[in-house]
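[1] Starting from these lines, generate the structure:
(4 chains, ligands or ions: 4)
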Amino acid sequence: DGPAIIYDLGGKFDKSFNESAYNGAQRWAEETGEEFAEFEITSDAQREQAIRRFAEAGNNPIVMAGFSWGTPLEAAAADYPDTNFVIIDAAVDAPNIRSVVFNEHEGSYLVGMLAAAASETDTVSFVGGMDIPLIRKFGCGYAQGVKAVNPDATVISNMTGTTPSAWNDPVKGSELTLSQISQGSDVVFAAAGGTGIGVLQTAADEGILSIGVDSNQNYLHSGQVLTSMVKRVDNAVYDAFAAGENVEVGLNVMGVENEGVAYSLDEHNEELITDEMKAMVEEASAQMASGELEVHDYMSDETCPAIDF
Amino acid sequence: MDFFTFVQLGDASVRMAIPLLLACLAGLFSERAGIFDIGLEGKMLAAAFLAAAVSLVSGNAWVGLLAGIGISIALSLIHGLASITFRGNQLISGVAINFFAAGLTVVVAQGWFAQGGRTPSLPKDARFNGIDFPGALTRVRDKMQADPWAQFYSEFISGHSILVYLGLLTVPLSWWVLYRTRFGLRLRAVGEAPEAVDTAGISVVRLRYTAVIIAGVLCGVAGAYLSTAVQAGFTKDMTANRGFIALAALIFAKWRPWYALGACLLFGLFFAIDNRFQNIQLEVIWIMTGLFAAAAAMTLYALRRERIDLIVLGGLSAVLVFVGLATWIGAMDEAIGATAALFETVKVPSQLIQSLPYLFVVVVLAGFVGKAIPPRAGGQPYVKER
Amino acid sequence: MSAQTQGGQTPAIELKGISKAFGPVQANKDISIRVMPGTIHGIIGENGAGKSTLMSILYGFYKADSGEIYINGKLTEIPDSDAAIAAGIGMVFQHFKLVKNFTVLENVVLGAEDGPMLRPSLRRGRQQLKELSEEYGLNVDPDAVIEDIGVGMQQRVEILKALYRQADILILDEPTGVLTPAEADQLFRILNRLKEEGKTIILITHKLREIMDITDTVSVMRRGEMTSTVKTTDTNPADLAERMVGRKVLLRVDKKPATPGEVVLDVRNLDVVDEKDVHRVKGVSFQVRAGEILGIAGVSGNGQSELLEVLGGYEEATGEILLNGQPLDLSGAKSDGQSRRARGIAHVPEDRQHEGLIMNFSAWENTAFGYHHDEKYQKNGLLMDNSAILKDAQEKMDRFDVRPPNPLLAAKNFSGGNQQKIVVAREIERDPDLLLVGQPTRGVDIGAIEFIHQQIVALRDAGKAILLVSVELEEIMGLSDRIAVMFDGKIMGERLPSETDEKELGLLMAGMTDTDAPHSIEEIEQNLAHAGEAE
Amino acid sequence: MDAMPKWADVVLVPVVSLLLAAIISIIVFVAVGQDPWEALKLMSYGAVGTSDNLGYTLFYMTNFIFTGLAVAVAFHAALFNIGGEGQVLLGGLGATLAVLFVPWPHWTLALLAGSVAAALFGALWVAIPAYLQARRGSHIVITTIMFNFMASGLLIFMLAGPLKPVGEMQIATAVFPETVHLPSLHDIAQLFGLDTFGRSPVNISIFLALGACVGVWALIWHTRLGYQIRAFGQSESAARYAGISAVNITMIALLISGALAGMMAVNNTMGINNPQLVDNAAGGAGFIGIAVALMGRNHPVGIVIAALLFGALFQGGAELSAATQIPVQIVVVIQALVIMFTGALDEMVRSPIQKMFLRYGNKGVGAPAAVLPEGEE
Ligand SMILES: Nc1ncnc2c1ncn2[C@@H]1O[C@H](COP(=O)(O)OP(=O)(O)OP(=O)(O)O)[C@@H](O)[C@H]1O
Ligand SMILES: Nc1ncnc2c1ncn2[C@@H]1O[C@H](COP(=O)(O)OP(=O)(O)OP(=O)(O)O)[C@@H](O)[C@H]1O
Ligand SMILES: [Mg+2]
Ligand SMILES: [Mg+2]
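    Ligands and ions are numbered 1, 2, ... in the order given. Modelled structure (predicted):
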């Protein structure tokens, strides 16, 4: 049968990467006119069951978004050698699994540079969603980018929470932003799913700049969102669906070089990004692609040179 | 902390206290009439959902508010049916209502909006927005520059949604109703001695239903406030146990309206702290002093009581001492030497900060803040024929 | 309302064919009665005869299954108390219906307010209360909180409530049950005043003397039926008792003289202070010997209950108690009902429904209650031997003639007398050294009373020590070998039944010590009032 | 008021209540645009349609037996332990600490160590609410709810901090070592040459649950402790008279309750296909236990039946939500209805039935022959 996608806890309308994954699948369906199967789990116990359910139904490939799928996928995949699986945000080594991971630290580094350049107070901030290594990876890349442009800048960092509800707490996002503003921040980067909506809203209300995440969120408050750190989960899903049953297995790293992550530039923020700033990040992108510039990945050793979490 | 931070904290406390306060007063009316209501949570949640959904559809937050109040009253009536008419167990009825609301809101939201059990975000017009008083500054950065009075006026007094001001007004109103009207006298009596009310020719059933409906109205406003004023839309389980905290506040407040205001503001402060201060850093020595002092106080208390007190409180003290020592040893990684580690600062786990309101509820219930005597007939169905 | 009742033609109250069932219990069967205006009408009957039920129907508290009520000749529907109040009926219940933490004034005004605002009502209430108090000599402080005042005072509040609502018909259900004789006398003076004013009064009581003293007519109820109504002047106590029970009553315990042996229980300087810091028992000392029944008399609430609780192991005390010469622990920390039972103390508690039995447990489980640690009820060290308990229960129930003799039936399904037999069987069959007995025959019918008394005497004759607490002087006189009287937490004196009479005991119960000089009536009344308020 | 034979009280009343709950559920289905008949078919297929699905049903049943027993034991002492959720989480922590770092040579030892540790942690987590209830009269319902929250905070602190393998994203521990994995029923069936239960996680701890049922049955109706718990639960004043310590019974009953809830974690951590502790390890089972206990009339036999029903509902609900747009929360709604009708609206169902028996039924007060010495509530 056709391809299938399984979303993580939080569901496909989480305004974060589940939704992004859904968008990719939807785009594929619209373009090809074909159908795909999907499932939203509601508890961890359902993970392996869900994978098996689709595998037994003959769906191929089966895509799942979220790092939590690693363990159950590893257990289940071996039983279905003829089915190909795609996992996003985790690396699982098996002959029938394609693992897609993103270099979020690189994209975050770029927006960090822009933040530092745009800041007048030399203080910028970061609002993370759930406090997990992945989000710290965003924050750490961001801080490195800021420090690269302005070593004296202050980076304030806050995490919304430690449970999945942290992905969806715009009120707290707003409170955190207010508190960061009163500490002097004038650019805030939200890597917090639905929580980020509150962050961007507050930043707009208070007249400071904000940076969106995952998808291009510049349009949300035109002229007040400095840029967005786009992470193309949708592309990853779209590509997998498009490749069909013969999707290429193995590790697939999506970084700045292959436009898996990037900063966004469109009509909503063109006045905010000066040519100088643009030149600066383009150069950094090129250096990253060539390996000249290496951004520290928090997840490699769970430490960050630029900021304490 | 500078003055402005204080003002901000106070401001946030008020905002966070309002849903607690409304729920607490709801509980107050209900319990004063002798009906325990642990279904406050469920009623708020249902109201939060319907208020958001109807606001969204109608584009008018007031219509949403009415809808929220409506569903909350409906649940109240179910509680009334179970606990007044059929003399069932009030705790169990409340638990059932909580589950019912938790499940049904998601099911209906999914069926209605197909967005994974939440409503879409409300546009500005479909919400209760802050009201800016004349002359008040609106931006944080402007307020930071202003003089203290302007800060206080702009941040603390001005800028809340209409529901906040209404919510605060319910406190004197409740007091007046309880202590200055015939209805209040009867309400207080029916929670203490329903048979006295009955033989005085007043219908216990009608009085209790009235109380339960008032509780429904207040919970309805509380829920609508959460989804249409604090947040812009409904999300699953968004009441986050405020209903239970309100009940604890009610006990803390000894079932009195003005005390309820104080108790809820205190809990509001906890929420404000949690929302605002992410990285609370403390020096190890202070953490250890605090933990050891608590352990010592508990042990001293237990020593003068019975064996069971010594076992439980002693065990708890041991845990606290262990945590203190673990923090210290953990800090030695960072600092050179045991003494230096004492002055190392460590981050208080955010989970602990988030747990503070709950921890405080337990302390309140433990009665270390004074003995509270609930209405005498509370929780028991009124049965005149066995 | 009572204007057009001249000549006693129209009865103030007429009930026709009232019936009421509570589930399987037929509490009232086809009852008809007429009460003339301006009279006092007494109702008597055994426990459970249906008196309270009938009056509650008249007051709209319960709804009759069938029957009609006429007030002043007019057919009146009384679906609730509101309607009863509107019809001019006021009722003082057997168990007061007051809001304990309200003031007297608030209680009186409750339900009879003038308008939606409280303050004008309270203002008028205060005024009216003052007038009423003066008119009838019902002295109360309008601002006193109910829980702080004595029962006598609380009853006055109940009467004031009725008067405040301008009741023409006043029902009093066992009003003297909680009153001292002096308070009762005062109540009767007030009732006579009300009668003179033309009000109609229904008085329920168990005390035949009161019926004879104050009523004009009297009705007798038995097993839910109204058996007869007579003019009080046409009857006498013996006749009434016979009508009540349906046979000749001769209540006397048959017993041989005691042969006291060793001292079993030795109480020395016992003091009890309760949670509310009230000094309940004040330096009490006494002894009970083997083969003897010591009866403790007193108006209820003078420390007898606390004394039993201390001996039973669930109230703390200071002082000294020796059992067979060995001290008992009184601190509460190391002692409880279990350790007392282990020492050979058995206890028939005052309140069988809330203490002596678990109403939802079956009879067989109840026969092990308190003795569930006994060796004979265990097996394999870990488990309880349910079949042994069941067998034991069956035997006990047969021996004590519990009806129905079915140990599988839940305790709540037995009648009061049979419940009491289960408790007594359990405690006596344990063969204790000391038996504590509290109100053994409260709410128990005459047949069962006889049986229980016989069992207690038999235990005494078997050489055991028995401490009996009862508020029924007759029971104390009939059963005890020695009588101690408690008043205000102290023992006022000891008497032998053969050397005393009810009058002397009554004085002791009112707080007159042996050494007191002759007393004035006023002094006695004052003391009696005090004895009542100690409750 | 025993005009009703025992069987009517124990069987008829719950069944009628359940029917009422079912009727309202059908209305809910219709209201959200789902054909109830279709939903029923989907759910029954999901619950028992394949041996794999049945395995999942039994897996959930195992959870609910533990939490149902936990609630029931407390109910017998007239205590309402609504903190099962938190006690399960702590039980999970206990089991994890007992098996993750200790290289148990065989799963039997691991099962023993895991169960003991889970029970211990579950009991410890209820110790403070129990103590506060016993000594200070703090309402157990509210304190245990607060402890649920704190449990979740503590667990996340542990899972996101000390117990999380470096570099791992998931808020979870590492997968437990191979030797401590519990054999699944599939594995066991294979020993007998059967191929059942597919890859479902139902495992050996189902027998632990059934054992716990027998244990609770014996405890409540055949031991002194159980006798005292029931006596205390029926009448506090009578218990005082009999020398049954309120403090001790409250503590002990709740500790047992917490231990039972904690033991559920054995199934949910060591028993699953990738044994590990994840952040929402309780998955609402603590709350479902309330419905299970109420429906099962606090008797182990009733609890097993109710747990099976709820297991089927839970698993069927998952299938329903996979096949339709109905979220699994529909199960929570049904659960709420069951609690409402069997718990709070009991009288609504009982009194008409009672009247019926009074009018047409047997005249005698109770039917003694039908009453067994052990079976009472
Ligand atoms: N609310 C009730 N529910 C069920 N049965 C009741 C109720 N009230 C009374 N009964 C039963 O009805 C019968 C009559 O009771 P009632 O209280 O009228 O008696 P009484 O004559 O007032 O007795 P006493 O002298 O003890 O006060 C008794 O068998 C009693 O158990
Ligand atoms: N409230 C009640 N609920 C259920 N059954 C009751 C109730 N009150 C009384 N009964 C039953 O009605 C029957 C008669 O009870 P009642 O109390 O009138 O007995 P009685 O004739 O006074 O006997 P005794 O003198 O032994 O108390 C008993 O079988 C009792 O179990
Ligand atoms: Mg009576
Ligand atoms: Mg009787």
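[2] got the contact list for C:V424?
    With contact taken as Cβ atoms under 8 Å, 6 or more residues apart in numbering or on different chains, C:V424 is in contact with C:348, C:400, C:440, C:452, C:455-456. Every residue, glycine included, has its C-beta placed from N, CA and C.
[3] need the helices for the stretch 101-250 of chain A, in chain order.
    With DSSP state H, counting those that start in this stretch, the ranges of helices along the stretch 101-250 of chain A come out as A:104-118, A:133-149, A:170-182, A:195-206, A:233-243.
[4] Take the contacts of C:V424 and keep only those in helices.
    C:452, C:455-456 (DSSP state H).
[5] what's the domain layout of chain C?
    As assigned by automatic domain parsing, chain C contains the domains C:1-88+C:168-244, C:94-166, C:252-344+C:432-535, C:354-431.
[6] Report the separation between the two terminal residues of the second one.
    Counting by Cα to Cα, to the nearest Å, you get 21 Å between the two ends of domain C:94-166.
[7] Checking residue 54 next. Helix, strand or coil?
    If you meant another chain, say so; for now it's chain A. What DSSP: H, G, I helix; E, B strand; the rest coil gives for A:F54 is helix.
[8] not what I meant, chain C
    Per three-state DSSP, C:L54 ends up helix.
[9] to the chain's geometric centre, what's the distance from stretch B:320-338?
    Put simply, stretch B:320-338 sits 35 Å off its chain's centre (Cα atoms, centre = their mean, to the nearest Å).
[10] Just checking it against chain A, any contact.
    No. For stretch B:320-338 and chain A, the contact criterion (Cβ under 8 Å from any Cβ of the partner chain) is not met; the two come no nearer than 11.1 Å.
[11] Average pLDDT for that stretch, rounded please.
    The average pLDDT within stretch B:320-338 is 86.
[12] Give me the residues contacting it.
    B:284, B:287-288, B:291-292, B:294-295, B:341-344, B:346.
[13] and what of stretch A:142-149?
    For stretch A:142-149, the external contacting residues (Cβ under 8 Å, 6+ apart) are A:105, A:108-117, A:124, A:126, A:153, A:155, A:157, A:189, A:191, A:280, A:284, A:295-296, A:304-307.
[14] Stretch C:496-506 now?
    C:181, C:297, C:473, C:476-477, C:480-483, C:485, C:495.
[15] Would you point out the most distant pair within the residues you listed?
    Taking Cβ to Cβ as the measure, the contacts of stretch C:496-506 span a maximum distance of 26.4 Å, between C:P181 and C:D481.
[16] Between the two, tell me which one has more neighbours.
    Taking other Cβ atoms under 10 Å in any protein chain shown, C:P181 and C:D481 do not tie; C:D481 has more neighbours (23 against 18).
[17] That one contacts C:E292, correct?
    Yes. C:D481 is within contact range of C:E292, at 4.8 Å (criterion: Cβ atoms under 8 Å).
[18] Now for those two: what residues contact both?
    With contacts taken as Cβ under 8 Å, 6+ apart, C:D481 and C:E292 have C:258, C:260, C:460 as neighbours in common.
[19] Out of those residues, which one has the weakest pLDDT?
    Ranking those by pLDDT puts C:A258 at the bottom, with 85.
[20] Can you verify my assumption that that residue contacts C:L479?
    No. Using Cβ under 8 Å, C:A258 is not in contact with C:L479; the gap is 11.0 Å.
[21] Quickly list what's touching both of these two.
    Common contacts of C:A258 and C:L479 (Cβ under 8 Å, 6+ apart): C:I293.
[22] Look at these two and report which has more neighbours.
    Legend: neighbour count by other Cβ under 10 Å for C:A258 and C:L479, higher for C:L479 (25 against 17).
[23] ok, back up a step: show me the one of the domains of chain C that comes nearest ligand 3.
    Ranking these by proximity to ligand 3 (Cβ to the ion) places domain C:1-88+C:168-244 first, at 3.0 Å.
[24] The closest one and ligand 2 in contact?
    Yes. Using Cβ under 6 Å from any ligand atom, we find that domain C:1-88+C:168-244 touches ligand 2 at C:22-23, C:25, C:47-48.
[25] Smallest gap between the stretch 1-150 of chain A and chain D, at which residue?
    A:F67 (3.7 Å; Cβ to the nearest Cβ).
[26] Would you mind measuring from the closest residue in space to that residue that isn't next to it in sequence to A:K137?
    Nearest residue to A:F67 in three dimensions, chain neighbours excluded: D:M169, at 3.7 Å (Cβ to Cβ, 6 or more residues apart in numbering or on different chains). For D:M169, the distance to A:K137 equals 9 Å [Cβ to Cβ, to the nearest Å].
[27] which residues are common contacts for the two?
    Joint contacts of D:M169 and A:K137 (Cβ under 8 Å, 6+ apart) are A:M299.
[28] Please say which of those two ends up with more neighbours.
    Neighbours around D:M169 and A:K137, counted as other Cβ under 10 Å, are more numerous at A:K137. The numbers are 26 against 18.
[29] Tell me who's in contact with the more buried one.
    Contacts for A:K137 were tallied using Cβ under 8 Å, 6+ apart; they are A:104-105, A:108, A:297-299.
[30] Go ahead and confirm D:G84 touches D:G68.
    No. The pair D:G84 / D:G68 is not scored as a contact, 9.0 Å apart, by Cβ under 8 Å.
[31] Need the residues touching each of the two.
    Taking Cβ under 8 Å, 6+ apart as the contact rule, D:G84 and D:G68 both touch D:G289.
[32] Which residue does the stretch 1-150 of chain C have closest to chain A?
    Taking Cβ to the nearest Cβ, chain A has its nearest neighbour within the stretch 1-150 of chain C at C:P116, 40.6 Å off.
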